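A predicted structure for the sequence below; I have some questions about it.
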Amino acid sequence: MARDLNDLTAIVKELEDKGASLEILDQAIDTSTAAGKAFLQRLGVFAEFETNLRKERQLEGIKNAKEALNPTQLAKKYGVSRATVYNVLTAWDWIDGQWSTEGRLRGWQDGASF
């Protein structure tokens, strides 16, 4: 219904200015009463809070992705082909707090350098 608390407040004010009120039947919210206005504003505060949390998590994820080395960067760093990097990344798994091949790298010994 609204993007943020200010937008919600503006919508309710506009309705009041036109002599109307907002009544949400399934949630028993009626902006013609003080309790209804307060409840709607509380819902708006939490909705805006959740939106801000999502935005923060998204920005953190973007930051982490930019800092992470991609296969091309790893290949350059270690002087190998990108195919080698992809083979290593798909062959190893993070299991119980440690890297493991679970036998998928047949012929390679544990600790072998790539």
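Thanks, I have it.

Return the set of buried residues in the helix or strand hosting Arg54.
Taking DSSP states H and E as the criterion, Arg54 maps to helix 34-67. When burial is assessed from 16 or more other Cβ atoms under 10 Å, helix 34-67 yields the following buried residues: Gly36, Lys37, Phe39, Leu40, Leu43, Gly44, Ala47, Glu48. Bear in mind the C-beta positions are built from the backbone N, C-alpha and C, glycine included.

name the helices or strands packed onto it?
Here helix 34-67 touches helix 5-17, strand 29-30, going by 3 or more Cβ pairs under 8 Å, 6 or more residues apart in numbering; DSSP states H and E.

Report the rounded mean pLDDT for the host helix or strand of Asn87.
Asn87 is located in helix 82-91, with elements delineated by DSSP H and E. The pLDDT scores in helix 82-91 average 83.
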